[in-house]
Each structure stands twice: as C-alpha cells, then as structure tokens.
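1. fold the following for me, if possible:
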Amino acid sequence: MIKKWYVVFTKTNYEKKVAAGFAKNGIHHYLPLNCLSKTGVERKKVLLEPLFPNFVFVKLTEFEMEAAKRIRGVINFLYWIDTPAIINDVEIDIINSFICEHPSVELVKSSVNKKEIIRITSQYQSNEMPNSSVVQIKTIILSLPSLGYNLIANVPQTKIELIKPPHADFRGDKLTA
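-> So this is what the prediction gives:
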C-alpha cells in the first residue's frame, strides 16, 4: 500500500509532543517550525513555534492511521468531504523549501491571484511555483490549496522574477480574457 501525507489535528500546544510521539513509534512525520523573535524586558528571545497551529503532517498508509490516532495529543485527522485530506508530496516539499529559505513566515487564510506564476531566483532555482503571487515589492505569498492557507515571507526584489503575468488585456474600460 502506498504511503500518503495526511494532516493530524492535535490538542492546543501539543504539536511538538505529538511529533515526539510519532518519532518514538517510528511514524514518518513533518512538523514545520517557524522562527519567532520575542522581545522581553532584558533580552531578545528566539522561539521555534509550529507554523501550522494544531497540525502535524504524517506520511502513512490507510492501515497505519489507527496507530497514529492513538498517539497522546492527537484529536483526529483533518477531513475533506468525509475522508481524510491528502496533502501532495510537492506541497510538503514546497513548505519545507519555503521555510528553509525564509525562517520567519506568517500564516494566513486568504486568497491570492492564482493566475501568476513566479520563480524565486535563489534556493528554488528553476522551480516554478504555481499559485504564488507577488503582492508588494518585498513580500511573497505562497498558496497551499490543499490546506487552504497561504505562507507569507519577505523576499528581496532582486530574487524574484515574473514568469507568467495574468492572462488579461485591457481595451478601453473593458476587461477581456
């Protein structure tokens, strides 16, 4: 049976404990961490917090799902239309590459212009990232359609190259596609 990526929903603040439980039981998992800077009274503190609150990604077969549910802190799998939601391998790879390149990322639930395709001319060299859009001079949004989230990071403009603009022509005051 083929292993697929699923999302496990955890109790609040149990993501790291659930990931440790998966590791202890030999379950392949992925917990993307975000680097956050907290400024205290006396010093600046850097924390590694889960990027997706209450989510841990697991790669398993359907037969292994029950074992994953028995890990302390797991509530259930994330479902889409009465079946556990499957996350594409490509999206897991893109999340990993994105947070490696941009250690401080913001997670938001919103829509982006899915008609633009861009390329980041650094670590992602030659990888086209569909469902991405440049919204400001130094901000990039990466859309994760299977999760319904966007990752936002600051990127130097010199590392962004527009590959394919939106398909639309303006003629007078009418927009034609």
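
2. please count neighbours and contacts with C-alpha atoms only from this point.
-> Noted.

3. the residue most central in space within the chain - nearest residue in space that isn't next to it in sequence?
-> Centroid check for the chain by CA atoms, centre = their mean gives residue 95 as the closest residue, at 4.4 Å. Spatial nearest neighbour of residue 95, chain neighbours left out: residue 32 (7.7 Å); criterion: CA to CA, 6 or more residues apart in numbering.

4. just the pLDDT at that neighbour, thanks.
-> pLDDT for residue 32: 93.

5. please report phi then psi for it.
-> Here is the backbone geometry of residue 32 (degrees, to the nearest 10): phi -70, psi 130.

6. wait, residue 71 sits on residue 21?
-> Yes - if you go by CA atoms under 8 Å, residue 71 and residue 21 touch, sitting 6.1 Å apart.

7. give the bridge partners for residue 76, please.
-> residue 9 (DSSP bridges).

8. and it, how far from residue 51?
-> As judged by CA to CA, to the nearest Å, residue 76 and residue 51 stand 19 Å apart.

9. now do residue 143
-> Distance, residue 143 to residue 51, using CA to CA: 14 Å.

10. who has more neighbours, these two?
-> When neighbours are counted by other CA atoms under 10 Å, residue 143 comes out ahead of the other of residue 143 and residue 51, with 26 against 22.

11. isn't the more buried one up against residue 149?
-> Yes - using CA under 8 Å, residue 143 is in contact with residue 149, at 6.2 Å.

12. tell me how many other residues surround residue 2.
-> 7.

13. confidence score at it?
-> We have a pLDDT of 91 for residue 2.

14. point out where this protein drops to low pLDDT.
-> 110-138, 155-177 (pLDDT under 70).

15. how about a cut-off of 80?
-> Counting by pLDDT under 80, the chain shows low-confidence ranges at 36-42, 46, 102-104, 109-148, 150, 154-177.

16. in it, which spans are helices?
-> 15-24, 65-69, 89-101 (DSSP state H).

17. can you pull the contacts of residue 53?
-> 12, 13, 15 (CA atoms under 8 Å, 6 or more residues apart in numbering).

18. isn't the last one right up against residue 50?
-> Think residue 15. Yes - using CA under 8 Å as the test, residue 15 is close enough to residue 50 to be in contact (6.9 Å).

19. more crowded one of these two?
-> Of the pair residue 15 and residue 50, residue 15 is the one with more neighbours under other CA under 10 Å, namely 25 against 18.

20. tell me the contacts of the more buried one?
-> Residue 15 makes contact with 31, 50, 53, 54, 55, 56, 73 under the criterion CA under 8 Å, 6+ apart.

21. leaving out the residues flanking it, which one is nearest to the fifth one?
-> Okay, so that is residue 55. residue 9 (5.0 Å).

22. isn't the one you found up against residue 52?
-> No - the criterion here is CA under 8 Å, and residue 9 misses it with residue 52 at 10.0 Å.
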